[in-house]
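1. build the 3D model from these lines:
(chains A and B)
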Amino acid sequence: DAKTTQPPSMDCAEGRAANLPCNHSTISGNEYVYWYRQIHSQGPQYIIHGLKNNETNEMASLIITEDRKSSTLILPHATLRDTAVYYCIVRPGGTSYGKLTFGQGTILTVHP
Amino acid sequence: SQTIHQWPATLVQPVGSPLSLECTVEGTSNPNLYWYRQAAGRGLQLLFYSVGIGQISSEVPQNLSASRPQDRQFILSSKKLLLSDSGFYLCAWSGSSPGELFFGEGSRLTVL
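-> Numbers count the residues shown, from 1 in each chain, chains lettered A, B, ... in the order given. Have a look, this model is predicted:
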């Protein structure tokens, strides 16, 4: 599976957009980009995933560059409850089970 | 709607004692099931996954075992716990979209 690189920590003001970057320069054609987050002492929560098109759901937007070597997760209006560790994961499509390799992620702190 | 439960939530056990963590999923059939572990200050590590009753795959050699006696039940066990087994254990399931994992609340194990 392709390796991902994320900044260890980021800060964001409440109400502002949080833009979390992820580099995955070795991604291959059949690999998807997944984003999860983990609030302290809870299990991770699925946020969004994409292959090459930008994606949006009720939680966030995912912007994938045209060469697919990097992506950005956007939380449009961050709240204090969005403070969490955010994981960017690359996973091959076509497999019947969901093995996900979690790295260290980005600790996002949302300030009042 | 689908729900996942795991118990106990916290456990303190002496070295050499046995372990049994249980996980059940409701509201879906034939899910893929997973056990992850998160050691203090580290990322999540996939321990076991199962694509059906009695089908268990181990990702890393260790002091633990897993069983799936029923379609929606997944059990993590050990005959003799080691200090290094301490951690936060998470059960998860996935359905038709294998990269979308839904995690339980977690079980925090401390081995003394």
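2. check contacts around whatever residue of chain B ends up closest to chain A.
-> Of all residues in chain B, B:F103 sits closest to chain A, at 3.0 Å by Cβ to the nearest Cβ. Placement of C-beta: from N, CA and C, glycine included. By Cβ atoms under 8 Å, 6 or more residues apart in numbering or on different chains, the contact list for B:F103 reads A:43-45, B:4, B:36, B:90-92.
3. three-state assignment of the residue nearest to the spatial centre of chain A?
-> Centrality entry for chain A: nearest residue to the mean C-alpha point is A:W35, 3.3 Å, by Cα atoms, centre = their mean. On the three-state scheme (DSSP: H, G, I helix; E, B strand; the rest coil), A:W35 is labelled strand.
4. how about the nearest residue to it once chain neighbours are set aside, what does it touch?
-> In space, and not counting its chain neighbours, A:W35 is closest to A:I47: 4.3 Å by Cβ to Cβ, 6 or more residues apart in numbering or on different chains. A:I47 sits next to A:35-37, A:57, A:59-60, A:73, A:86 when contact means Cβ under 8 Å, 6+ apart.
5. any stretches of chain A with poor pLDDT?
-> Scanning chain A for pLDDT under 70 picks out A:1-2, A:95-96.
6. not counting sequence-adjacent ones, nearest residue to the residue in it positioned nearest to chain B?
-> Minimum separation of chain A from chain B (Cβ to the nearest Cβ) falls at A:G43, amounting to 3.0 Å. Distance criterion Cβ to Cβ, 6+ apart; nearest residue to A:G43, sequence neighbours excluded, is B:F103 at 3.0 Å.
7. let me know the pLDDT of the one you found.
-> Reading off the confidence values, B:F103 has pLDDT 95.
8. ok, back up a step: is the residue of chain B closest to chain A in a bridge, and if so with what?
-> Listed by DSSP bridges, the beta-bridge partners for B:F103 are B:A92.
9. need the strands for chain B, in chain order.
-> B:3-7, B:10-13, B:19-26, B:32-38, B:44-52, B:55-58, B:65-70, B:73-78, B:87-94, B:102-103, B:107-111 (DSSP state E).
10. can you list those in TSV and add distance to A:T106?
-> Output for those, formatted as TSV (distance: least, Cβ to Cβ, whole Å):
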stretch	distance to A:T106
strand B:3-7	26
strand B:10-13	28
strand B:19-26	28
strand B:32-38	16
strand B:44-52	15
strand B:55-58	30
strand B:65-70	31
strand B:73-78	29
strand B:87-94	19
strand B:102-103	19
strand B:107-111	23
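11. my guess is A:L62 is in a strand, correct?
-> Yes. Secondary structure of A:L62 (three-state DSSP): part of a strand.
12. just the strands in chain A please.
-> All strands of chain A, identified by DSSP E, fall at A:9-13, A:18-23, A:31-38, A:45-50, A:55-56, A:61-64, A:70-75, A:84-92, A:106-111.
13. tell me which of these sits nearest to B:P31.
-> strand A:45-50 (14.3 Å; Cβ to Cβ).
14. gap between the closest one and the chain center?
-> For strand A:45-50, the distance from its own C-alpha centre to the chain's C-alpha centre is 7 Å (Cα atoms, centre = their mean, to the nearest Å).
15. can you list the strands that that strand pairs with?
-> Strand A:45-50 has these strand partners (DSSP bridges): strand A:31-38 (antiparallel).
16. no further queries at this time; thank you.
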